[in-house]
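K.L.:
would you be able to build a 3D model of this:
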Amino acid sequence: MVAGQILDVRQLVAAQKSYFKSGATKSYDFRLNQLKKLRQVLLDNEQAIVKALYDDLHKSSFEAYGTEFSFVLKDLDHTISSLKAWMKRKKVTTPLFHQLGSSWIQSEPYGLVYVMAPWNYPFQLLMAPVIGAMAAGNTIIMKPSQSTNHICAVIEKMVKDNFSAEYMAVVTSHTDSDIVLEENVDYVFFTGGKRTGIDVYTKAAKTLTPVTLELGGKSPCFIDESVNMNWGIKRIIWGKFTNAGQTCVAPDYVLIDKKVKAKFLEEAKKVIKEFYGDNPKDSKDFGRIVKSSNNKNFKKLASLLEGMDIVCGGEIDESENYIAPTILDNVKLTDAIMQDEIFGPILPIVEYNTLDEAIQIVKNGGKPLALYIFSENKMYAEKILSETSSGNASINECLMHVGQFNLPFGGVGDSGIGQYHGKLSFDTFSHAKGVLKKSTLSDLKLRFPPYKESNVNLLKKLIAWLN
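P.N.:
Numbers count the residues shown, from 1 in each chain. From the prediction side, this is the model:
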């Protein structure tokens with residue numbers, strides 16, 4: 001089937017299911033060749049991808065490479081080099097009761113995988129799960145965000161021109177997306193907001209379709225008096241204001257020991273000026289708020305600044321969807337900005353008297369996708385890690401755990417279901433099938449009817465001995 005010839009979404013789903021059932025996607029050679037092909041296609045479209053990210057989100061070339069393009073290439077290289085090992089059967093111990101026998105786990109693809117991506121990292125958060133789905137031997141339908149229409153157009157053309165639609169295809173409209181969810185696909189991977197995630201989960205449940213939900217939440221950043229006032233603060237400011245704060249694992253707010261708050265605010269203002277100059281609006285390294293229907297994202301963020309104690313920043317320009325990197329002081333837990341994930345370049349500062357008080361604030365909210373601790377005090381960090389729950393955590397670092405492919409990435413509770421990255425991406429899109437193989441040379445007559453009452457005690461003793 002020639003790419004682009006399937007126009008009806010239901011026909012597309014049927015074609016991909018048929019192609020998967022043919023077994024064409026399951027071999028090591030097929031998977032490896034498709035991954036290598038994707039790598040070359042991305043390199044061929046490198047400049048178009050980087051330009052589209054600038055056009056959609058005002059991402060600098062450095063940010064586009066560091067958080068999107070190079071991230072995906074690294075993921076591809078890691079997957080390509082590891083694929084053969086990941087596909088191997090994993091032998092497991094066979095208990096004495098099952099002798100003469102052997103046991104193993106073999107990974108098999110689910111079938112048709114549907115990947116839905118958000119607008120904040122529209123390239124990385126689409127392609128990273130797609131790579132895992134390809135490695136696992138599935139067919140793929142992907143849905144990039146229409147809010148980032150430039151990169152959406154690049155991805156759609158890239159896939160249509162280089163891959164058979166029965167293997168990999170793109171849908172772009174919400175209507176088509178809903179149809180795909182109705183068509184009983186084999187796995188759904190969604191990254192985005194909690195409300196949409198609930199809707200996707202509800203629709204998938206109607207067909208018992210397994211899902212991964214990568215959501216978000218209010219990720220806290222703990223700071224104590226031992227914080228490194230140089231690199232520590234620079235990492236926090238970088239982590240918060242990268243992509244204009246539109247990062248699901250960005251520090252959402254700071255919980256800081258009141259003894260060091262004044263010093264932190266003083267240094268944070270200096271770092272913002274160092275990074276983005278006297279007028280961040282003119283900086284080529286500071287992004288913009290995504291354009292959306294009725295510009296709701298921008299208007300929501302602007303409204304959160306009303307009546308707040310602005311330490312620095314606060315300037316807005318809707319004509320450019322610009323909101324300056326902003327820090328708020330004297331923030332109360334009842335303020336509007338503390339009710340939901342901010343997803344913008346606004347950093348509220350909440351002071352605390354005791355660490356127990358700060359930990360309780362986090363425990364009273366939903367479980368965040370990320371949690372950050374900036375401290376040189378090991379006991380301080382260990383107490384926070386042991387008494388809070390979060391998808392991931394970092395000590396004296398921001399965002400960078402996302403690029404550590406040997407770590408699982410994913411949420412817990414309100415912040416998501418399931419994990420991926422590295423081998424976990426392969427595992428997410430594979431069913432782990434357990435296999436037991438037994439010899440027919442002999443067996444225990446005790447296991448077969450008719451059963452004698454006198455053999456019950458013997459069975460109990462046998463099971464106890466074998467265990």
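K.L.:
where exactly do the strands run in the stretch 101-250 of the chain?
P.N.:
101-109, 112-116, 139-143, 168-170, 187-191, 211-214, 220-223 (DSSP state E, counting those that start in this stretch).
K.L.:
what's the angle from the fifth one to strand 112-116?
P.N.:
Per axes from the mean of the first three to the mean of the last three Cα atoms, to 10 degrees, the angle that strand 187-191 makes with strand 112-116 is 10 degrees.
K.L.:
go on, the third one?
P.N.:
With the same axes, to 10 degrees as the criterion, the two stretches strand 139-143 and strand 112-116 enclose an angle of 20 degrees.
K.L.:
tell me what strand 139-143 is packed against?
P.N.:
Judged by 3 or more Cβ pairs under 8 Å, 6 or more residues apart in numbering; DSSP states H and E, strand 139-143 is in contact with helix 9-21, strand 112-116, helix 124-135, strand 168-170, helix 174-182. In short, each C-beta sits where N, CA and C put it, glycine included.
K.L.:
how about the longest one?
P.N.:
Counting by 3+ Cβ pairs under 8 Å, 6+ apart, the packing neighbours recorded for strand 101-109 are strand 90-92, strand 430-438.
K.L.:
mind listing what's buried in that strand?
P.N.:
103, 107, 109 (16 or more other Cβ atoms under 10 Å).
K.L.:
ok, it: who's next to it in the sheet?
P.N.:
Using DSSP bridges, the strands paired with strand 101-109 are strand 90-92 (antiparallel), strand 430-438 (antiparallel).
K.L.:
now the ones you listed as a markdown table including distance to residue 177 and mean neighbour count?
P.N.:
Listed next are those as a markdown table, based on distance: least, Cβ to Cβ, whole Å; neighbours: other Cβ atoms under 10 Å:
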| stretch | distance to residue 177 | mean neighbour count |
| --- | --- | --- |
| strand 90-92 | 35 | 11 |
| strand 430-438 | 24 | 13 |
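K.L.:
of all the ones you listed, which one is nearest residue 179?
P.N.:
When the strands paired with strand 101-109 are compared by Cβ to Cβ, strand 430-438 sits nearest residue 179, at 24.9 Å.
K.L.:
after the closest one, next one along is what?
P.N.:
helix 455-466 (DSSP states H and E).
K.L.:
hmm, who's touching that next one?
P.N.:
95-97, 446 (Cβ atoms under 8 Å, 6 or more residues apart in numbering).
K.L.:
ok so, going back, among the strands of the stretch 101-250 of the chain, which comes closest to residue 397?
P.N.:
strand 220-223 (10.9 Å).
K.L.:
off-centre distance for the closest one?
P.N.:
21 Å (Cα atoms, centre = their mean, to the nearest Å).
K.L.:
model confidence over that strand, on average?
P.N.:
Averaging pLDDT along strand 220-223 yields 98.
K.L.:
re earlier: would you list the helices and strands packed on strand 101-109 in TSV and tack on mean pLDDT?
P.N.:
What follows is the helices and strands packed on strand 101-109, written out as TSV (pLDDT from 0 to 100):
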stretch	mean pLDDT
strand 90-92	93
strand 430-438	94
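K.L.:
can I get the ones you listed in TSV including distance to residue 456?
P.N.:
Output for the helices and strands packed on strand 101-109, formatted as TSV (distance: least, Cβ to Cβ, whole Å):
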stretch	distance to residue 456
strand 90-92	30
strand 430-438	24
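K.L.:
out of these, nearest to residue 51?
P.N.:
Closest among the helices and strands packed on strand 101-109, using Cβ to Cβ: strand 430-438, at 35.2 Å.
K.L.:
specify the angle between that closest one and helix 124-135 in degrees.
P.N.:
Using the same axes, to 10 degrees: strand 430-438 against helix 124-135 is 20 degrees.
K.L.:
with just CA atoms, put strand 430-438 into CSV.
P.N.:
C-alpha atoms of strand 430-438 as CSV (Å, rounded to 0.1, in the frame of the first residue of the first chain):
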residue,chain,number,x,y,z
SER,A,430,5.7,-5.1,24.4
HIS,A,431,3.6,-7.7,26.1
ALA,A,432,5.8,-9.9,28.4
LYS,A,433,4.7,-13.4,27.6
GLY,A,434,5.7,-16.0,30.0
VAL,A,435,6.4,-19.5,28.6
LEU,A,436,6.8,-22.8,30.4
LYS,A,437,8.1,-25.8,28.5
LYS,A,438,7.9,-29.3,30.0
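K.L.:
so what touches that strand?
P.N.:
Counting by Cβ under 8 Å, 6+ apart, 94, 98, 100-110, 136-137 sit against strand 430-438.
K.L.:
just list whatever residues bridge to the most centrally placed residue in the chain.
P.N.:
Geometric centre of the chain, nearest residue: residue 214, 4.9 Å, by Cα atoms, centre = their mean. Beta-bridge pairing of residue 214 under DSSP bridges involves residue 191, residue 416.
K.L.:
check residue 433 too.
P.N.:
Beta-bridge partners, per DSSP bridges, of residue 433: residue 106.
K.L.:
so what's residue 113 up against?
P.N.:
Contacts of residue 113 by Cβ under 8 Å, 6+ apart are 133, 138-141, 185-189, 429.
K.L.:
closest one of the contacts of helix 455-466 to residue 363?
P.N.:
Nearest member of the contacts of helix 455-466 to residue 363, counting by Cβ to Cβ, is residue 95, at 41.4 Å.
K.L.:
I am finished for the moment; much appreciated.
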